[in-house]
Each structure stands twice: as C-alpha cells, then as structure tokens.
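# coords please:
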Amino acid sequence: DAGAEASTDPTSTASPTPTIDDVTPQEAFAGSADRLVSAGSFAYAGTSSAHDVSHVRPGLWLAVDLTVEGEVDTVDGRVHEISVDSADAAVETVTDGPLVWSRQASTREALGQLAYVPVIEDTGTDPTLRGVALLPGWLEATVDRQDAAPDDLGRRVFRASLPADALGQITDDRPADDASVVLTLDAAGDPVHVEVESVPTGPPLRLDLDLSGIGEPVAIEPPGGAAEATP
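Okay, the predicted model is just below:
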C-alpha cells in the first residue's frame, strides 16, 4: 500500500531543521544570553568609549577611548581584560564577581612587571558582576527586540533597548539612562558581535565587541585572593 509506505517514511513527517533565518528577535537575544552562560566562557575584542570608571568599565582609569580584549568565565563571574590607549599605555584588570583588581603600565609588555592593586568604583551601583561579565544579563534584559539589516557578511542582525535600571549608573554625576544593543549572530546562531551604546541624552558609553571562543577553557585567577579586594 503506497499510503502505508509513505506514512512510515521518516522524511514525510520529520520537522525541518531550524536555521538562522527562522530565529526571531526574541529568540536571538534570549538564546544568546543562554548560550554565553551555558557555555561557561567566551572571549571578546574590540573598542570601548566611556567617560568614567564604573561597574561597566571597571579598573584603573586610562582614557576615554580604548582598544580592549579579554575573556569571561560565566560560571564564576570573572573577567580578565587588557585595555590599551592611543599612546600604547595599558591597563590590565581582573574581576571576580563585584571585586576588582587592576594594574597600569606605559606599555602592554610592562604590565607583567607590576603588582595588581584593589580598585573601588563608586557610582551608586552595586552589581554582583562587573565588566563584560554583565553582557549575558544585558542581552536577557533587553526590550523592544527587532530585526535589523544584515551586516556586510550577510549575517543576521538584531536591535533592542536596554533599560536604564538594567544598565545602571555609569558616571557619578548623572543618573542611569537607557542604551541600545545591536546583536549579530553567525550562521550557527551563536552571538559573534555586540554593540552597546547609551542613548544621546544619557552618560556617554559605547562598547563594540567581537565575541569568540564560546565554551573554550579559560583560567581567571583573582590576584592575591578575594580577601585583598574591596567591592
């Protein structure tokens, strides 16, 4: 019986495999947040622009505009980052939850000769995480998620708003405000690029980061132990 044969053919009832084209804006942001957390780690590289030290940009002050690269342990909530300014001066920062250590040198190569010092930021915000470890939570907290035009490589791009209470206060003298978030996914649906930019009326902030190494092993050890740092 041809009908009976057709009914037993797995190709006749199998659901099509979801592709990146099927991902909705809601799924893109929620899925990316879950991917970064469940993978346990990710790396990043790009630029930052901020006018104050804060829970978003922790560490010793170096300059407004920086080139940054780092890695995040999303299991323990730790970050290791090296930031470099236009004169090649560098700051290396390690965070462990709300705790921050940093060291600063005239060149990146000289950082290893220096000891870390504990850093305190006081912008009226007391997060449990700092730096790029906040990224998964930001993606999860976004609202008004929408499709955007594909990037130059044809990858799916999405746009959303990050509410002020999720971003938090990032300068001493100005209250928190909203930010925009742009998220790019690769063909496998992994987050590969994120931009976070404060609204024009808010304190200036811009992060432009390529993401990589999702799930690859990282080892971020707080210098000297948590007892030496102050949140």
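# for the chain, which spans come out with low pLDDT?
Within the chain, the ranges that satisfy pLDDT under 70 run 1-18, 121-126, 225-231.
# switch to 90 and redo it
Across the chain, the ranges flagged by pLDDT under 90 are 1-21, 120-128, 171-176, 201-202, 224-231.
# closest to the centroid, which residue in it?
residue 135 (3.5 Å; C-alpha atoms, centre = their mean).
# name the element that residue belongs to?
Assigning secondary structure by DSSP states H and E places residue 135 in helix 135-141.
# and the next helix or strand past that helix?
Helix 135-141 is succeeded, C-terminally, by strand 143-148 (DSSP H and E).
# mind listing the helices for this structure?
2-8, 25-39, 135-141, 164-167 (DSSP state H).
# of all those helices, which one is nearest residue 46?
Smallest distance to residue 46 across those (C-beta to C-beta): 11.8 Å, for helix 135-141. Heads up, the C-betas are built off the backbone N, CA and C, glycines and all.
# residues contacting that closest one, please?
29-30, 32-34, 36-37, 72, 74, 129, 162-163, 166-167, 181, 183, 191, 194, 196, 209 (C-beta atoms under 8 Å, 6 or more residues apart in numbering).
# ok, back up a step: where does the residue nearest to the centre of the chain sit relative to residue 109, distance-wise?
The gap separating residue 135 from residue 109 is 28 Å, by C-beta to C-beta, to the nearest Å.
# how many other residues sit next to the nearest residue to residue 209 once chain neighbours are set aside?
In this structure, residue 209 finds its nearest non-sequential neighbour in residue 46, 4.0 Å apart by C-beta to C-beta, 6 or more residues apart in numbering. Residue 46: 19 surrounding residues under other C-beta atoms under 10 Å.
# residue 46 pairs with what?
On the basis of DSSP bridges, residue 46 is bridged to residue 68, residue 209.
# how far off centre is stretch 35-50?
4 Å (C-alpha atoms, centre = their mean, to the nearest Å).
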